[in-house]
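Engineer: Build me a structure from this.
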Amino acid sequence: MTIAALGAFVAAALTAVALWLVPPGPSSGSPDRLPTEAPDRLPANSPGKAAPTPSWPTPSRLTLPRPTPAEIAALPEVRYDAVIPGLLAFTGDEVPSRAYSLRADTPIYGADRRRLVARFGARNFLGEPTVVVPVGAGRDGWVRVLTPARQSLPSESGGDAPAQTAGWVRTEALIDPVPLPRRIVISSSEQSLTIRRGDGIEDSFRVGVGAPGTPTPVKVTGYLQARYLDPAQNQSRYAVQLSSLHSAAADEPYGGSDGGLIGLHYERTATGAVSHGCIRLPAEAVAAVDRLPLGTPVVVTG
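Structural biologist: Got it, this is the predicted structure:
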């Protein structure tokens, strides 16, 4: 073999080796999915991969720094009485279909999915496992979830604050999926509560809603975040069903320090526009809602 031929042979061999060592490019498969297996005053004593768009960048799971436990602990917790401006106002009509628990305290990111804005505690203010509900499909290892905190106060927003908030978390933080086949639909104008499954109605009740000066927020979707008895609020027999929604019109419609929460609770007078924003239920309605899993969507129409 001539020296020239030998040189050509060696060059070709080195090129083949170099190509073999180059790692494969990103998969063009389907986007990441979530794992599918694997009374007016509340509470009194509570303790696809898609192409990048101009709205926010698509961060890489390999390059985005993971926050340390200390950084997570320093973030404000999305409790019922918290006001966290970095959260997103949720005004969409997506209805959650699954609820999840958390492996540990979990950071919540803002719209760009890079800035840390808050955290979920693995356990809620009752010391029970926190319920988290995604809205929309996960993508690139992220999913948007609803939160129980406020983004702003009505007094700071011209009397029209978001009644529901959201943020971004990593899908890997979510565990123990629970299906949510039913949803609660409340009509403020008809003063009714229905429990729906698909297109069918399973139960329907007349209920009390917010008075004109302290209206129940409408055209919004939240979820059942907790339920508990509260003798201090004369609720020792019928459980308070606490939603993630807040008054959009007043900071504290009832007074106190409950964060303007919207609860579903028993009241003897349970019809008409009579409450401070909460939904007043007859006993049979409380029993029906009590049978639903936490995380069940609460949809309030006009």
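
Engineer: Now do the buried residues in the helix or strand hosting residue 286.
Structural biologist: Here residue 286, judged by DSSP states H and E, is contained in helix 283-290. For helix 283-290, the neighbour count (16 or more other C-beta atoms under 10 Å) marks 285, 286, 288, 289 as buried. C-beta: built from backbone N, CA, C; applies to glycine.

Engineer: how about the residues you listed in JSON lines, adding pLDDT and distance to residue 139?
Structural biologist: As requested, these are exported to JSON lines (pLDDT from 0 to 100; distance: C-beta to C-beta, whole Å):
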{"residue": "285", "pLDDT": "97", "distance to residue 139": "38"}
{"residue": "286", "pLDDT": "97", "distance to residue 139": "38"}
{"residue": "288", "pLDDT": "98", "distance to residue 139": "35"}
{"residue": "289", "pLDDT": "98", "distance to residue 139": "32"}
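
Engineer: In these, find the pair that's most separated.
Structural biologist: Across these, the longest distance by C-beta to C-beta is 7.4 Å; it joins 286 and 288.

Engineer: pLDDT at residue 87, what is it?
Structural biologist: With respect to pLDDT, residue 87 scores 98.

Engineer: And the closest residue to it other than its chain neighbours, how far from residue 139?
Structural biologist: Of all residues not flanking residue 87 in the chain, residue 165 sits nearest, at 4.1 Å (C-beta to C-beta, 6 or more residues apart in numbering). Distance, residue 165 to residue 139, using C-beta to C-beta, to the nearest Å: 20 Å.

Engineer: Looking at those two, which one has more neighbours?
Structural biologist: Neighbours were counted for residue 165 and for residue 139 using other C-beta atoms under 10 Å; residue 165 has more, 29 against 17.

Engineer: ok, that one touching residue 145?
Structural biologist: No: contact criterion C-beta atoms under 8 Å: residue 165 and residue 145 do not qualify, at 9.9 Å.

Engineer: what is the residue nearest to residue 87 paired to in the beta sheet?
Structural biologist: In this entry, residue 165 is beta-bridged to residue 89, residue 147, by DSSP bridges.

Engineer: For it, which residues are in contact?
Structural biologist: Taking C-beta atoms under 8 Å, 6 or more residues apart in numbering as the criterion, residue 165 is in contact with 78, 84, 87, 88, 89, 90, 146, 147, 149, 150, 151.

Engineer: Return the member of those nearest to residue 190.
Structural biologist: Among the contacts of residue 165, residue 90 lies closest to residue 190 (C-beta to C-beta), at 23.7 Å.

Engineer: which residues touch that closest one?
Structural biologist: Shown in contact with residue 90 (C-beta under 8 Å, 6+ apart): 135, 146, 162, 164, 165, 166, 220, 221.
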